[in-house]
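# got a predicted structure here, sequence first:
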Amino acid sequence: MAEGIRKVKTSDLELKDRLVSIQRVTKVTKGGRTFSFSAIVVVGNEDGIVGHGLGKASEVTTAIAKGIEDAKKNLIKVPVINGTIPHQQEAKFGGAKVFIKPASEGTGVKAGGAMRAVLESVGVKNVLAKSKGSSNPHNLVKATFAALLQIRDPYSVAEHRGINMERVFNG
């Protein structure tokens, strides 16, 4: 498996879902317009595991249910230390650029829209986040996931460098 990908099994997880965006989409056919719905959903256990999915159907509830099922197939593990992320990180997907930065206790989740849903589902309680460029919720969610996948905890850094934990922090 490629480095950075941290897949998670769905069994024995208590996942909560958050609806990021729902849109009515139209398909023009010979017989007229056909309306359907597209839903972006984020699921997470608020303890470091999160996933996102897209569901499309002719009814809103069916689209959301399909999105939840898709999100359960795309779960990742994110290191959360003391309610925040270990270090700042930037990422880009399409036209959306995101920047997330750890924050001290009591700051809260300072993020907008799609990023807030992802960060709260991960279980991050204190973080500063900024999105630049496109505000397309699809790309914002994917850019946020790209940033979260690049985050490494101190234990994996120490293991990768072949040194003990004290040297990671003290140089």
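Received, thanks. Numbering: from 1, shown residues only.
# for Ser38, what are its contacts?
22-23, 25, 54-56, 63 (C-beta atoms under 8 Å, 6 or more residues apart in numbering). Using the backbone N, CA and C atoms, a C-beta is placed for each residue, glycine as well.
# and if we set it to 7 Å?
Ser38 makes contact with 23, 25, 54, 56, 63, according to C-beta atoms under 7 Å, 6 or more residues apart in numbering.
# pairing partners for Val127 in the sheet, please.
Counting by DSSP bridges, Val127 forms beta bridges with Pro102, Val109.
# surely it meets Ala103?
Yes: between Val127 and Ala103 a contact is recorded at 5.4 Å, counting by C-beta atoms under 7 Å.
# in terms of neighbours, single out the busier of these two.
The neighbour count for Val127 versus Ala103, taken as other C-beta atoms under 10 Å, is higher for Val127 (24 against 19).
# ok, back up a step: who touches both of Val127 and Ala103?
Contacts common to Val127 and Ala103, judged by C-beta under 7 Å, 6+ apart, are Thr84.
# what ranges do the helices span in the chain?
60-72, 113-122, 137-150, 154-161, 165-170 (DSSP state H).
# the first one versus helix 113-122: what angle between them?
Right, helix 60-72. Using axes from the mean of the first three to the mean of the last three C-alpha atoms, to 10 degrees, the inter-axis angle of helix 60-72 relative to helix 113-122 is 60 degrees.
# in helix 60-72, what's buried?
Across helix 60-72, burial judged by 16 or more other C-beta atoms under 10 Å covers 63-68, 70-72.
# before we move on, back to that, closest to Leu15 out of the helices of the chain?
helix 60-72 (6.8 Å; C-beta to C-beta).
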